[in-house]
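[1] sharing a sequence plus its predicted fold:
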Amino acid sequence: MTTPFLSTFLRDNKRNRDGLEAAWVRKLELGYTTRAEPVTEPDGCTRTRCAGVHEGYPGSEHRWALHCLLCGVDIEVFYSHMRERTGKNPAPPRRHKGCKFSGPSRAEARALRYAELGLALPAWDADAHAARFAA
């Protein structure tokens, strides 16, 4: 699905819509998409943490069912792990665990894969930008 949507347990309010907008942009930057097959959301899940995986944007502390366009794997990722970390130990967003395009040593392959998919390299991916211009 290409239209942003909230998980069924999140209320449709400004805060959740703002979170959805930011998460959707980051998801696209990382080369993720929503899964083609629907995910059954857990019964009775609330804003308190549950162990379930959600189809729509579930907020930052719940696992989101996505598909990595770069490596072709279905993933379950927390949005809080996708966003940029600020403060004492700032860090750019990171790819999902196990992605064969993750990390500085795979920057050239990642840059090529983004190009193959017709996706823009994220501005914060300095390693991939450097690899692209070094080639």
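    Received the coordinates, thanks. Numbers count the residues shown, from 1 in each chain.

[2] next up, the contacts around the residue nearest in space to the middle of the chain.
    In the chain, the C-alpha nearest the mean C-alpha coordinate belongs to residue 27, at 3.5 Å (CA atoms, centre = their mean). Taking CB atoms under 8 Å, 6 or more residues apart in numbering, we find residue 27 in contact with 33, 64, 66, 82. C-betas here are computed from N, CA, C, even on glycine.

[3] got it, and residue 107?
    Residues near residue 107 by CB under 8 Å, 6+ apart: 125, 127, 128, 130, 131.

[4] mind putting those into JSON lines with distance to residue 108?
    Formatted as JSON lines, these follow (distance: CB to CB, whole Å):
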{"residue": "125", "distance to residue 108": "12"}
{"residue": "127", "distance to residue 108": "9"}
{"residue": "128", "distance to residue 108": "8"}
{"residue": "130", "distance to residue 108": "9"}
{"residue": "131", "distance to residue 108": "4"}
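
[5] what helix or strand is the residue nearest to the centre of the chain on?
    Remark: residue 27 resides in helix 14-29, with elements defined by DSSP states H and E.
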